[in-house]
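Enquirer: Generate coordinates for the sequence data below:
(one chain, ligands or ions: 1)
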Amino acid sequence: MAEKEGVILSGMRPTGKLHLGHLVGALDNWVSLQDNYKCYFLVADLHVLTTGFEDSAEIPGFTFEMVLDWLAVGLDPERSTFLVQSQVKQHSELNLIFSMITPMPWVERNPTIKEMISDLGLTGKIHFGLMGYPILQAADILLYRADLVPVGEDQVAHVEMTREIARRFNFLYNPVFPEPKAKLSPTPRLPGTDGKKMSKSLGNCIYISDENDTVGAKVHKMITDPQKVRKGDPGRPEVCSVYAYHEIFNQAQTDKIAAGCRSGELGCVPCKGMLASIIGTRLEPLRQRRRSYADNPEKVHEILSEGSRIAAKKAAETMDMVYEAMGMKF
Ligand code: TRP
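Expert: Alright, predicted model coming up:
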């Protein structure tokens, strides 16, 4: 195998099945990075507890569904390491060390945490662990001495803080950590079927695992230009969510579709039909791969335990370097 260029770590909180926003906003990018980087893909189950601690027993089931989607889209456990945060104990350990050296104001000013608090209506109900969210994420990344972190825009603040923590550790003790960079996905955010942000809680998702008839039904309910009421009316592709999807899933035909929509020749019903069929064709091989793993749950568990075992080796090496740098080695 050719020498790989560097180490990548990225992760997701397991909250169930993944949708098309995850696919085009993150997973497609992760899949292609596997060729050139040593990749670690993290199931951030401990991070779920920062807000979802009451529903902890759901996490293993959600992990299973999420990892099925990872495998479905082509993340490859032969080339990349899949790991479960709670199974690699060093995540918690490095989190503790970092929490000692991170000034409280760094945590308090983190915009992504502020946004989570207001989005989830948590003002006045914040737990200690939620404030530590970015510190745990820094531990996730730095434990593997990653160089690059492929994430969405909303995670950039966390990666910035990871760099600050790395710099602070290296300055206080000895240089152990690289300063990792965020690597933004080339694809812009995909809206939900109602035009808002695609999110499970809003019920506006198309899932990677959705069958063709479900995809069709969801696409047919999508909001188009409210001024285009019937076929023949001219439409405005720039305000239409169906068109936003064509731009991502059907690039070859966007010019034709935009022109047909503007002139009124192309009605919304056939336009949606085309989109549903393109998405269905795109998802078919993914669903097949997903099914083959879903029928073999022991295989999925083996991938996660083997990956976590490999990850723990590298993690133990890093923790050794950490205690060495701190002059705390016995
Ligand atoms: N915070 C990330 C999210 O909500 C998940 C995550 C946890 C993560 N640890 C990470 C992402 C480390 C990248 C690197 O999507």
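Enquirer: Isn't G11 up against L42?
Expert: Yes - with contact defined as C-beta atoms under 8 Å, G11 and L42 form a contacting pair (3.1 Å). For every residue, glycine as well, the C-beta is placed using N, CA and C.
Enquirer: Looking at these two now, which is surrounded by more residues?
Expert: In terms of neighbours (other C-beta atoms under 10 Å), L42 is the more surrounded of G11 and L42; the figures are 26 against 20.
Enquirer: Tell me what the more buried one is bridged to.
Expert: Beta-bridge partners recorded for L42 (DSSP bridges): G11, L83.
Enquirer: Now do the end-to-end distance for stretch 115-134.
Expert: End-to-end distance of stretch 115-134: 13 Å, with C-alpha to C-alpha, to the nearest Å as the criterion.
Enquirer: and that stretch, which residues are buried?
Expert: For stretch 115-134, a neighbour-count test (16 or more other C-beta atoms under 10 Å) marks 116-117, 129-134 as buried.
Enquirer: Distance check, the residue nearest to L136 when sequence neighbours are not counted against the ligand.
Expert: Leaving aside its chain neighbours, L136 sits nearest to N95 (4.7 Å; criterion: C-beta to C-beta, 6 or more residues apart in numbering). Distance of N95 to the ligand, computed by C-beta to the nearest ligand atom, to the nearest Å: 11 Å.
Enquirer: Spit out the contact partners of N95.
Expert: 132, 135-136, 139 (C-beta atoms under 8 Å, 6 or more residues apart in numbering).
Enquirer: still on that earlier bit, who touches both of G11 and L42?
Expert: 85, 140.
Enquirer: before we move on, back to that, closest to the ligand among the buried residues of stretch 115-134?
Expert: Set against the ligand, the nearest of the buried residues of stretch 115-134 by C-beta to the nearest ligand atom is Y133 (7.2 Å).
Enquirer: Would you confirm that the closest one contacts V48?
Expert: No - counting by C-beta under 8 Å, Y133 stays clear of V48, with 10.8 Å between them.
Enquirer: residue boundaries of the helices in the stretch 51-200 of the chain?
Expert: For the stretch 51-200 of the chain, the helices defined by DSSP state H, counting those that start in this stretch occupy 59-73, 90-101, 104-108, 111-119, 128-131, 133-142, 156-172.
Enquirer: deepest of those, which one?
Expert: Stretch with highest mean neighbour count among these: helix 133-142 (a mean of 26; mean count of other C-beta atoms under 10 Å).
Enquirer: Touching it from outside, list them.
Expert: 9, 11, 42, 44, 46-47, 50, 85, 91-92, 94-95, 98-99, 102, 107, 110, 112-113, 116, 149, 157-159, 161-162, 165-166, 177, 180, 318.
Enquirer: Show me which residues of the stretch 201-330 of the chain sit near the ligand.
Expert: Residues of the stretch 201-330 of the chain lying near the ligand by C-beta under 6 Å from any ligand atom: none.
Enquirer: Tell me which residue in the stretch 201-330 of the chain sits closest to the ligand.
Expert: For the stretch 201-330 of the chain, the residue closest to the ligand is A311, as judged by C-beta to the nearest ligand atom, at 12.7 Å.
Enquirer: Just give the nearest non-adjacent residue to that residue, would you?
Expert: Counting by C-beta to C-beta, 6+ apart, the nearest residue to A311 once its immediate chain neighbours are dropped is L83, at 3.9 Å.
Enquirer: Name the nearest residue to L266, sequence neighbours excluded.
Expert: Closest residue to L266 apart from its sequence neighbours, by C-beta to C-beta, 6+ apart: G260 at 3.0 Å.
Enquirer: Just to check, that neighbour is in contact with T254?
Expert: No - between G260 and T254 there is no contact under C-beta under 8 Å: 10.7 Å.
Enquirer: Which residues outside the helix or strand bottoming out on mean pLDDT in the chain are in contact with it?
Expert: Of the helices and strands making up the chain, the lowest-confidence element is helix 111-119, at a mean of 87, by mean pLDDT, DSSP states H and E. Residues outside helix 111-119 that contact it (C-beta under 8 Å, 6+ apart): 51, 107, 122-123, 126, 130-131, 133-134, 154-155, 157-158.
Enquirer: what's the angle between that helix and helix 133-142?
Expert: 140 degrees (axes from the mean of the first three to the mean of the last three C-alpha atoms, to 10 degrees).
Enquirer: does any bit of helix 111-119 sit next to the ligand?
Expert: No - if you take C-beta under 6 Å from any ligand atom as the test, helix 111-119 misses the ligand, and the best it gets is 7.8 Å.
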